[in-house]
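Trainee: Let's see this in three dimensions:
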Amino acid sequence: MALVIVVSGILFIKQTFFPTPPPKPTLAFGTLNPQLFPKNASDKKFTYVINTLSGALPSFPDQAKIYKMQINPPDLLGLTNAKQIAGGAGFTQGPIKFPKRFMNGPSQMILIYQAK
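Mentor: Sure thing, here's the model as predicted:
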């Protein structure tokens, strides 16, 4: 038992002072092509200001995990489930169906709920 505690303590100290480096980035999307910008139409010198509370750019981590989102397939209970979710959020009046010209595709329906 004491051996387990000593080993876990040593591993904790090692991870604290010498953490494992993040994995090297993969080039899943390949390298970006160089961007060609057109010549300026004006010879004026512009000044830029960073509009944040601190006046500096925020710091971001080197890498971020990207998760694939599951697209829910349409089903026969989709409208009923949407009404129940909207009702639970305080929307009591029924949905309004938009004309086809507002739809993004042939199988998409836009529902607008009016709050009480």
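Trainee: So what's the gap between stretch 65-78 and the chain middle?
Mentor: 15 Å (C-alpha atoms, centre = their mean, to the nearest Å).
Trainee: i'd like the first residue to be 18 from this point on
Mentor: I'll keep to 18 as the first residue from here, and by that count the last item is stretch 82-95.
Trainee: looking only at pLDDT, what's the mean for it?
Mentor: Average pLDDT, stretch 82-95: 80.
Trainee: what's the helix or strand hosting residue 22 in contact with?
Mentor: Taking DSSP states H and E as the criterion, residue 22 maps to helix 19-34. Among residues not part of helix 19-34, none is counted as a contact by C-beta atoms under 8 Å, 6 or more residues apart in numbering. Any C-beta I mention is one placed from the backbone N, CA and C, and that applies to glycine too.
Trainee: now swap in stretch 76-87 and tell me
Mentor: So stretch 76-87 is contacted by 39-40, 42 (C-beta under 8 Å, 6+ apart).
Trainee: Please indicate which of those residues are buried?
Mentor: Taking 16 or more other C-beta atoms under 10 Å as the criterion, nothing in the contacts of stretch 76-87 is buried.
Trainee: Tell me which of these fall in strands.
Mentor: If you go by DSSP state E, the contacts of stretch 76-87 have nothing in strands.
Trainee: okay if I get the residues you listed as CSV plus pLDDT and distance to residue 62?
Mentor: Below are the contacts of stretch 76-87 laid out as CSV (pLDDT from 0 to 100; distance: C-beta to C-beta, whole Å):
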residue, pLDDT, distance to residue 62
39, 80, 39
40, 78, 43
42, 74, 36
